[in-house]
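S.K.: Would you be able to build a 3D model of this:
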Amino acid sequence: MIFMPILSSGASKPERKGRVRAQEGKLTMSDHQPSASRETRPGLLKGLLFLGVIAVSVAFLAAFVLSQRSAEGPLVVEEAPAPLSVDVMQAELKSALDLEEKFSGLVRARRSSDLGFSGGGRIADVTADVGDRVRAGQTLAVLDTRALRSQLASAEAQVAEAQASHKLAMSTVERQQTLLEKGHVAQQRVDEAAAQASTAQARIDAAKAQAESLRVQIDLARITAPYAGVITERMYDEGAIASPSAPVFKLVETGALEARIGLPSAVASELEAGRIYTLRSEQADVGARLRNVTGVIEAGQRTVTSTFDIIEPENVSVGAVVRLQMSRQVQEPGLWVPVSALSEGQRGLWSLYIAKREDNGWRVRPGLVEIVQNEGDRAYVRGAVSEGDRIIIDGLQRITPGQSVSPRFGETAETANGG
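M.R.: Reported below is the predicted structural model:
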């Protein structure tokens, strides 16, 4: 067989490879060449024009700022602010403190008792109630005493029986004594008759003691008021069974009242026993005589108890609050100031603000003081204050030390100095 070569219409394989390499070389060269569509960079002329515009704008702004400035230069505040107007008081120092002290106490009954029956039993009658004023010896309640009275009747009968036996025994003694004198009986018969008489007398005494005991029980079955007073409590009603010694009434004496007041030892030492003092209450002022002073300082209150006897008890009620007013002088130099003039400081001290004249003006200067006595809206102080100082009495929250102020006398100053 004869094979013939097949010829294609295209180039041979070597030729195709050469063409591919030629095309790749052209593409590589085209990458390094500048594109015709890329924009060109701005030139020198454009840059100079931009800088000129900026320079003109800055010059225009500078000219505007200079035109707005004052011909006299920058404004400077040369005048000081106006002084703050404050209320003041003039310091008036005192050499001593005159105190009017008040001490409170309670009016109480000199005697009060819980009344009850010594023995138990059924209550037959109650004749007093809460609030009743009773007199001494008045019957308030009684127990049912029928059983006791029956026993008393029996005891009295035994007394009568014993008395009869004793009478017979004494007659026998007399007869035996007559026979003994005549020699008809021995002495022993007389002694036996005397012994029987003595035994009968003992029976009489025992029966009488039993009857007296029953009478006492009957008497104790009745509650009577030991003194004049008022019933403040009632615990039982009729028909109730009262226990032995259980309280049935509470009685408070109204004819004798007293007041016990705790006083500082220094004040109590100035009182005189037997002297009459005035005690003030909401009802009325009453006179009271000092009975005694204990002289013992109570640990809790640090006071000494003083007891006063109310002279007119009808003018005051039990439980009322009474006040003893005492005047005394404390040798402590200082002055009265309103509480509004004080500012709390350190270590228990307080501050006052004083307006002092300096350089044709007034300046605020602080001063430390100590409170000696406080009475409501004013206080007695001592410390760094001189006679005639002008003390600022209000508006302390608006001022500081060294601040310029304009002092003026306020109304509160008169109230403080008047104390």
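
S.K.: biggest strand in the protein, by residue count?
M.R.: When the chain is parsed with DSSP state E, its longest strand is strand 361-375.

S.K.: How about residues contacting that strand?
M.R.: 83, 97, 99, 330, 332, 334, 339, 342, 345, 348-356, 379-385, 389-390, 392, 399-407, 419 (C-beta atoms under 8 Å, 6 or more residues apart in numbering). Backbone N, C-alpha and C define where each C-beta goes, glycine included.

S.K.: next one: stretch 90-102
M.R.: 267, 323-336, 372-373, 380, 385-391, 409, 413, 417.

S.K.: Let me see the contact set for Val385.
M.R.: 91, 93, 335, 352, 354, 367, 369, 391.

S.K.: So which of these sit within strands?
M.R.: Per DSSP E, those map to strands at 335, 352, 354, 367, 369, 391.

S.K.: related to what we said a few turns ago, what's the offset of the longest strand of the chain from the middle of its chain?
M.R.: Relative to its parent chain, strand 361-375 has a centroid offset of 30 Å by C-alpha atoms, centre = their mean, to the nearest Å.

S.K.: Buried subset of the contacts of stretch 90-102 as a PyMOL selection?
M.R.: To isolate the buried subset of the contacts of stretch 90-102 in PyMOL, counting by 16 or more other C-beta atoms under 10 Å, use the following:
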select buried, resi 267+323+324+326+334+335+336+372+373+380+385+389+390+391+413+417
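
S.K.: per-residue confidence averaged over the helix of greatest length in the chain?
M.R.: Taking DSSP state H as the assignment, the helix of the chain that covers the most residues is helix 146-182. Taken as a whole, helix 146-182 has a mean pLDDT of 83.

S.K.: returning to what we had before: right, and out of the contacts of Val385, which lies closest to Asp129?
M.R.: Nearest to Asp129, judged by C-beta to C-beta, of those is Leu335 at 60.4 Å.

S.K.: Tell me which stretches of the stretch 251-400 of the chain form strands.
M.R.: Ranges of strands within the stretch 251-400 of the chain are 257-263, 276-280, 286-297, 304-310, 321-330, 335-338, 343-344, 350-358, 361-375, 378-383, 390-392, based on DSSP state E, counting those that start in this stretch.

S.K.: hmm, back to that, quick check on the contacts of strand 361-375: which are buried?
M.R.: 97, 334, 339, 342, 350-355, 379-383, 385, 389-390, 392, 399, 403-405, 407, 419.

S.K.: Between the strands of the stretch 251-400 of the chain, which one is closest to Thr127.
M.R.: Closest to Thr127 of these is strand 257-263 (C-beta to C-beta; 25.6 Å).

S.K.: what helices or strands is the closest one leaning on?
M.R.: strand 97-109, strand 286-297, strand 304-310, strand 321-330 (3 or more C-beta pairs under 8 Å, 6 or more residues apart in numbering; DSSP states H and E).

S.K.: Of all the residues in that strand, which ones are buried?
M.R.: Buried residues in strand 257-263, counted by 16+ other C-beta under 10 Å: 257-259, 261-263.

S.K.: for stretch 134-141, same thing?
M.R.: 134, 140-141.

S.K.: What separation do you get for Arg111 and Val134?
M.R.: Counting by C-beta to C-beta, to the nearest Å, the separation of Arg111 from Val134 is 14 Å.
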